[in-house]
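Student: Fold the following for me, if possible:
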Amino acid sequence: MLIKVVFVVAVALLAVVGFVAARPSDFTISRSRAVTAPPDVVHSYVNDFRKWVEWSPWEKRDPALKREYSGPPEGPSATYHWVGNSEVGEGRMTIIESTPGRSITIRLEFIKPWTATNTARFDFAPRGTGTNVTWTMRGEKNFMAKAVGLLMDVDKMVGTDFERGLAGLDAASSAAVRKAETTPTERSKS
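Tutor: Reported below is the predicted structural model:
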């Protein structure tokens, strides 16, 4: 009897492992938003990692977040390394391509609590006086990520953060446009 139970459990476990292993390895998470600022302004808020503090949804999750910037202040080779609490972990982003007002591609490396390397891309398309911004992340899932994907909707979790980030990007870039449009006289009255 014990041998039969062990055999059934082993077969079931093998079936689950096979099912998880057969799931697709690649993933894409993408969200878009119409932003009121023009493409060049929105681009500048993504192209300079120091400005991410103003709009990134992860920056607010750890008030004691440690940040380190290296390379040029913006554009290709600009790098941002962070170390934070359990919600934000540790990682590094490096801009690998930047076309002003059009797109930015970032190498995104997660170090803790898990390791992964993905590609994040921001596309900016003119839309009237504003911009349609699309934020996409692509990568490969290992076996554990595939298994977690059976229990959690990762697209929804990360996608919700992207939506918050795009709303923050809209607010920050639009505020910059409004500030630039005010005349020196109006600013001195404030």
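Student: Gly71 against Arg92, yeah?
Tutor: No: judged on CB atoms under 8 Å, Gly71 makes no contact with Arg92 at a distance of 11.1 Å. Placement of C-beta: from N, CA and C, glycine included.
Student: Now list whatever residues contact both of those two.
Tutor: Thr79 (CB atoms under 8 Å, 6 or more residues apart in numbering).
Student: what helix or strand is Thr136 on?
Tutor: Here Thr136, judged by DSSP states H and E, is contained in strand 130-140.
Student: and if you look at Arg92?
Tutor: Here Arg92 is assigned to strand 90-99, by DSSP H and E.
Student: Thr160 now?
Tutor: Residue-wise, Thr160 maps onto helix 154-181 under DSSP H and E.
Student: Next: Glu74.
Tutor: Using DSSP H and E, Glu74 falls outside every helix and strand.
Student: that older thread, can you give me the buried ones in the strand holding Thr136?
Tutor: 130-137, 139 (16 or more other CB atoms under 10 Å).
Student: what does stretch 85-100 give?
Tutor: 88-89, 91-95, 98.
Student: between these, which is nearest Phe7?
Tutor: Proximity of the buried residues of stretch 85-100 to Phe7 was ranked by CB to CB; the top entry is Gly89 with 40.7 Å.
Student: Identify the residues contacting the closest residue to the closest one other than its chain neighbours.
Tutor: Spatial nearest neighbour of Gly89, chain neighbours left out: Lys112 (4.7 Å); criterion: CB to CB, 6 or more residues apart in numbering. Lys112 makes contacts with 89-91, as judged by CB under 8 Å, 6+ apart.
Student: which stretches of this structure have low pLDDT?
Tutor: 15-25, 141-154, 183-190 (pLDDT under 70).
Student: cutoff 50 now
Tutor: 187 (pLDDT under 50).
Student: Quote the end-to-end distance of stretch 119-136.
Tutor: End-to-end span of stretch 119-136 (CA to CA, to the nearest Å): 8 Å.
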